[in-house]
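[1] The amino acid sequence is not available; the structure is as follows:
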Ligand SMILES: C[S@@+](CC[C@H](N)C(=O)[O-])C[C@H]1O[C@@H](n2cnc3c(N)ncnc32)[C@H](O)[C@@H]1O
């Protein structure tokens, strides 16, 4: 929050940033084409010597006019510099080429969000993911995940997994060490990554994955292929259907990057049903990224902008939450927070919640 309490820019900096915003889609597309066409890579490979426009055209085999337009735009964006008749890469250009976070975000924004974001204003008014029609005809993106075209699906999973992959190895000891968990319900298990890493980390735990039927069939194939069917069960359900009871008798419930897919009222409803499904001395473990609990302003920025994907594309009513808004949902559902562990992986917080007695 401290990042956002004062206006620190000069008037000149502010006007420059305003132009970056006004030309935002141009900046984005140029950077992506400079990355994907190989132009940035050729310039980087030339090192301190740099490359002339003619040499770049020769190397990437694209029309002279197009390469010139891209590079002149790239100068203004700050991806390249030009001196002694040659282009050289900048540090920002380097991040566009090599930084995993930048690449995952850029692919996700281009493939999943770009066209749908055109419908943002409509989504704000209706509370529905109006941009989703650019990808397919589903009520939310989750029903469509397994049917997305392969390159869009790759970008969606690349984005989702990037954050959980960095957090899961760090969070496993917090969940399993000294907690004697034998029977865990995992809600929103997606492709089975948590179940797979849990069974490898803890030789006793049995996991039941609850998710949409389409999603579970993807997870099931993976679990079977790994020979883990005796350790992992599946419970297909649309959690928004409140008439569907949760299975009972769990000493732990795990939800990672799941509750941010729902509105505040829906989160409370899901957590109340967790309350009923959980043993009296059991715990709900929630792994989430909160934009106000970040060490770096860039991390907070990424989370704040990711919220807009939920508005225009995913379901129209959820977001990456401020921690206080989210915690109020936990309290309303009859839980208290027994332990909070911040700064896990890139940006996550682990909340260990117990029933209020
Ligand atoms: C963002 S993914 C989280 C995946 C995984 N837990 C992780 O940490 O990477 C959200 C998951 O929630 C599931 N989901 C979304 N809406 C659902 C619903 N209405 N009922 C059941 N599962 C749902 C999706 O299918 C998806 O697997």
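    Nice, I can see it. None of the values given here were measured: they were computed from a predicted structure.
[2] got the residues of the stretch 51-200 of the chain near the ligand?
    By the rule CB under 6 Å from any ligand atom, the part of the stretch 51-200 of the chain lying against the ligand is 142, 145, 160, 164, 188-190. For every residue, glycine as well, the C-beta is placed using N, CA and C.
[3] among those residues, which are in helices?
    In this view, those that belong to helices under DSSP state H are 142, 160, 164.
[4] picking that back up, for the residues of the stretch 51-200 of the chain next to the ligand, could you give me a markdown table that also reports distance to residue 37, pLDDT and neighbour count?
    Converted to a markdown table, those look like this (distance: CB to CB, whole Å; pLDDT from 0 to 100; neighbours: other CB atoms under 10 Å):
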| residue | distance to residue 37 | pLDDT | neighbour count |
| --- | --- | --- | --- |
| 142 | 34 | 94 | 20 |
| 145 | 30 | 92 | 21 |
| 160 | 27 | 93 | 18 |
| 164 | 31 | 88 | 20 |
| 188 | 37 | 96 | 22 |
| 189 | 38 | 94 | 27 |
| 190 | 33 | 90 | 24 |
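[5] from those residues, which two are the most distant?
    Greatest spatial distance among these (CB to CB): 142 and 164, at 15.7 Å.
[6] what's the weakest-modelled helix or strand in the protein?
    helix 213-225 (a mean of 91; mean pLDDT, DSSP states H and E).
[7] Okay, buried residues for that helix please.
    215-216, 218-220, 223 (16 or more other CB atoms under 10 Å).
[8] And for stretch 309-320?
    Result for stretch 309-320 [16+ other CB under 10 Å]: buried residues 309-320.
[9] Nearest to the ligand among these?
    When the buried residues of stretch 309-320 are compared for distance to the ligand (CB to the nearest ligand atom), residue 315 wins out at 7.6 Å.
[10] Per-residue pLDDT of the closest one, please?
    You'll see residue 315 listed with a pLDDT of 97.
[11] Show the contacting residues for the residue nearest to it when sequence neighbours are not counted.
    Leaving aside its sequence neighbours, residue 315 sits nearest to residue 140 (CB to CB, 6 or more residues apart in numbering; 4.2 Å). Residues near residue 140 by CB atoms under 8 Å, 6 or more residues apart in numbering: 129, 132, 314-315.
[12] Can you lay out these as TSV showing secondary structure?
    Below are the contacts of residue 140 laid out as TSV (DSSP: H, G, I helix; E, B strand; the rest coil):
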residue	secondary structure
129	coil
132	helix
314	helix
315	coil
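[13] Determine which two of those residues are furthest apart.
    Spanning the widest gap among the contacts of residue 140 are 132 and 315, at 8.5 Å by CB to CB.
[14] which residues do the two both contact?
    140-141.
[15] Could you give me the buried positions within stretch 16-29?
    residue 27.
[16] Need the contact partners of that stretch.
    Residues from elsewhere that reach stretch 16-29, judged by CB under 8 Å, 6+ apart: 9, 73, 77, 106, 109-110, 114.
[17] For residue 169, report the pLDDT, please.
    At residue 169, pLDDT is 95.
[18] interface residues of the stretch 201-350 of the chain facing the ligand?
    Neighbours of the ligand within the stretch 201-350 of the chain, by CB under 6 Å from any ligand atom: 211-212, 215, 238-240, 256-258, 261.
[19] Which of these ranks first by neighbour count?
    Using other CB atoms under 10 Å as the neighbour test, these are led by residue 211, with 26 neighbours.
[20] from what I can see residue 60 touches residue 40, true?
    No: at 10.1 Å, residue 60 and residue 40 do not qualify as touching, with contact defined as CB atoms under 8 Å.
[21] Just confirm residue 248 is within a helix.
    No: assigned with three-state DSSP, residue 248 falls outside any helix and is coil.
[22] so what's it up against?
    Per CB under 8 Å, 6+ apart, neighbours of residue 248: 276-277.
[23] Next, give phi and psi for the nearest residue to residue 181 once chain neighbours are set aside.
    Nearest residue to residue 181 in three dimensions, chain neighbours excluded: residue 252, at 4.5 Å (CB to CB, 6+ apart). Main-chain dihedrals, residue 252, degrees, to the nearest 10: phi -160, psi 140.
[24] Equivalent analysis for the one 4 residues further on, please.
    Listed backbone geometry of residue 256 is phi -110, psi 130, with angles given as degrees, to the nearest 10.
[25] From the residues of the stretch 201-350 of the chain next to the ligand, which land in helices?
    Using DSSP H, those in helices are residue 215.
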